[in-house]
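K.L.:
Here you go, sequence then predicted model.
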Amino acid sequence: MGITKTHRFTEQQNNLATMAKALAHPARIAILQYLSTQKNCVCGSIVNEIGLAQATVSQHLKALKEAGLVQGTVDGVSTCYCLDTQRLENVKGQLANLLENCCQSNSCC
């Protein structure tokens, strides 16, 4: 979506689209699933779990962090990552609302 067109949509629509874009890669889903089972972890443990190159995992973590789905804190020379549970709960609520409103049994199809 062109940056000049986002003004046509609500803030909620733009936020949900940003989240959906961040979730639109299976590696990012795998990272979120792994982080959901950990209190926190460094990129190296994610690399070992996911099986992708460190640079690739770092790029995916960057996208997830920019979308606000994960948080990262610097711990010496490494960054410790964890889920942003508040943000994820917000996304969960937005998706539930979207599906509740869209997926009625009396739809046209």
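P.N.:
Yep, it's here.

K.L.:
ranges for the helices of this structure?
P.N.:
Secondary structure of the chain (DSSP state H): helices at 11-23, 26-36, 43-50, 54-66, 85-102.

K.L.:
Packing partners of the helix-or-strand element of the chain with minimal mean pLDDT?
P.N.:
Lowest mean confidence among the helices and strands of the chain (mean pLDDT, DSSP states H and E): strand 41-42, at a mean of 80. Contacts defined by 3 or more CB pairs under 8 Å, 6 or more residues apart in numbering; DSSP states H and E place strand 41-42 against strand 78-83. Every residue, glycine included, has its C-beta placed from N, CA and C.

K.L.:
which residues does the nearest residue to Gln94 once chain neighbours are set aside contact?
P.N.:
Nearest non-adjacent residue to Gln94, counting by CB to CB, 6 or more residues apart in numbering: Leu16, 5.0 Å away. Residues near Leu16 by CB atoms under 8 Å, 6 or more residues apart in numbering: 91, 94-95, 98.

K.L.:
before we move on, the earlier item: I'd like the helices of the chain as a markdown table, with mean pLDDT and distance to Val74 appended.
P.N.:
Shown next, in a markdown table, are these (pLDDT from 0 to 100; distance: least, CB to CB, whole Å):
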| stretch | mean pLDDT | distance to Val74 |
| --- | --- | --- |
| helix 11-23 | 89 | 21 |
| helix 26-36 | 95 | 17 |
| helix 43-50 | 89 | 12 |
| helix 54-66 | 93 | 12 |
| helix 85-102 | 87 | 20 |
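
K.L.:
Out of those helices, which is closest to Val77?
P.N.:
Smallest distance to Val77 across these (CB to CB): 11.0 Å, for helix 43-50.

K.L.:
Let me have the helices of the chain in JSON lines, extended by distance to Gly72.
P.N.:
Output for the helices of the chain, formatted as JSON lines (distance: least, CB to CB, whole Å):
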{"stretch": "helix 11-23", "distance to Gly72": "14"}
{"stretch": "helix 26-36", "distance to Gly72": "11"}
{"stretch": "helix 43-50", "distance to Gly72": "9"}
{"stretch": "helix 54-66", "distance to Gly72": "6"}
{"stretch": "helix 85-102", "distance to Gly72": "13"}
